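Student: Predicted model follows, preceded by the sequence.
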Amino acid sequence: MRAGELTLLGGPQGLGKTTWALQMMRNMAAAGAAVSYFSFEHDEQTLLERLICIESGERDGVEGLKLRQVRQALEAVDVKADLASRLAKAPGGGDAVKAVAAWADGVGLHRSSGSTTSIDVIRASVEKAARAGDSPVVVVDYLQKVAVPDRDLGEADRVTLVVEGLKDLALQFEVPVLAIVAADREGIVAGKRLRVHHLRGSSALAYEADVVLLLNDKYDVVARHHLVYDVGNAERFRDWAVLSIEKNRTGLDRIDLEFRKRFDQGRFESIGQAVTEQLIDERVYVD
């Protein structure tokens, strides 16, 4: 994440784009960076549940907190203790809450609206933070939901305005911007690999972005022979997501990495690895 650059993160629905963005946000905040997170999809409690689980997973691995545990603790109306005390009996639970509290002051969670949260609103928030001395990393979840003044515009024109606005914001305030992007119907067909041209709305997404990251379910994008000749691979592949660096103006691209899903903990395992199997590539390899 570089100052002045726009990074886009795309992927099918339900594959963990928000999870990925929250995990990146947690890592940056824990390292001392200020973060402004504009959430059009989730309320503050949902984000807090996930952040506590991500923190617990980073500290305690698969033995860490599960989302259901944190949700039950937050919603327990008959318990007057604070959240750390409510989770104290779970391995590492109280420590995870305290760890989040240690970096939480650097995070601004904005409950955003598709009818009112425009580029101007996002810019005003970033400008306020910059005046206070905290130039934040900006995360927008997700780009197609950002409000535009003319609601009669078609989707392509709306998306063009938003992506250009986010790129201008990154350059104006010299901050990194990460925006989650939805895929179109063609790009979310099972057994087909999501590419940059499948991002929904406008070719400006590919042109304006400095970095494009794409998530795919590994089961959907491995070449067919890996499934045919070893049926046991099928279920194993479902546990992994492939993150592809499709574009990178200032570094390497065309790189495929895989990360294990730990969605019961609201996270991915943070240490990934290069994909060793042949992946579907419609340009040279289809079957």
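Tutor: Received the coordinates, thanks. Numbers count the residues shown, from 1 in each chain.
Student: phi, psi of the residue nearest to residue 127 when sequence neighbours are not counted?
Tutor: Closest residue to residue 127 apart from its sequence neighbours, by Cβ to Cβ, 6 or more residues apart in numbering: residue 173 at 7.1 Å. All C-beta spots, glycine's among them, are computed from the backbone N, C-alpha and C. Here is the backbone geometry of residue 173 (degrees, to the nearest 10): phi -100, psi 0.
Student: and residue 173, how many neighbours?
Tutor: Residue 173: 18 surrounding residues under other Cβ atoms under 10 Å.
Student: you'd agree it is up against residue 130?
Tutor: Yes. Contact criterion Cβ atoms under 8 Å: residue 173 and residue 130 qualify, at 5.6 Å.
Student: one step back: quick one: contacts for the residue nearest to residue 127?
Tutor: With contact set as Cβ atoms under 8 Å, 6 or more residues apart in numbering, residue 173 has these partners: 126, 127, 130, 135.
Student: Spit out the contact partners of the third one.
Tutor: With contact set as Cβ under 8 Å, 6+ apart, residue 130 has these partners: 136, 173, 175.
Student: Neighbour-wise, give me the winner out of the contacts of residue 173.
Tutor: In the contacts of residue 173, the most neighbours by other Cβ under 10 Å go to residue 126, 23 neighbours.
Student: can you confirm it is in a helix?
Tutor: Yes. Checked against DSSP: H, G, I helix; E, B strand; the rest coil, residue 126 lies within a helix.
Student: Any stretches of the stretch 51-200 of the chain with poor pLDDT?
Tutor: For the stretch 51-200 of the chain, applying pLDDT under 70 flags the ranges 185-191.
Student: how about 80 then?
Tutor: For the stretch 51-200 of the chain, the stretches flagged by pLDDT under 80 are 77-80, 184-192.
Student: Please, where are all the helices along it?
Tutor: Applying DSSP state H, counting those that start in this stretch to the stretch 51-200 of the chain gives helices spanning 67-75, 83-86, 93-103, 119-131, 155-173.
Student: Take the ones you listed and write them to JSON lines, including distance to residue 227.
Tutor: As requested, the helices of the stretch 51-200 of the chain are exported to JSON lines (distance: least, Cβ to Cβ, whole Å):
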{"stretch": "helix 67-75", "distance to residue 227": "30"}
{"stretch": "helix 83-86", "distance to residue 227": "44"}
{"stretch": "helix 93-103", "distance to residue 227": "38"}
{"stretch": "helix 119-131", "distance to residue 227": "43"}
{"stretch": "helix 155-173", "distance to residue 227": "35"}
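Student: so which of those helices comes closest to residue 111?
Tutor: helix 119-131 (11.9 Å; Cβ to Cβ).
Student: before we move on, the earlier item: nearest to residue 235, of the helices of the stretch 51-200 of the chain?
Tutor: Closest approach to residue 235 among the helices of the stretch 51-200 of the chain (Cβ to Cβ): helix 67-75, 22.2 Å.
Student: Run the angle between that closest one and helix 93-103 for me.
Tutor: Using axes from the mean of the first three to the mean of the last three Cα atoms, to 10 degrees, the direction of helix 67-75 lies 70 degrees away from that of helix 93-103.
Student: ok, so what distance separates the closest residue to residue 55 other than its chain neighbours from residue 2?
Tutor: Spatial nearest neighbour of residue 55, excluding adjacent residues (Cβ to Cβ, 6+ apart): residue 96 at 4.6 Å. Counting by Cβ to Cβ, to the nearest Å, the gap from residue 96 to residue 2 is 30 Å.
Student: go on, residue 223?
Tutor: Residue 223 is 34 Å from residue 2, by Cβ to Cβ.
Student: likewise residue 244?
Tutor: Taken as Cβ to Cβ, the span from residue 244 to residue 2 is 19 Å.
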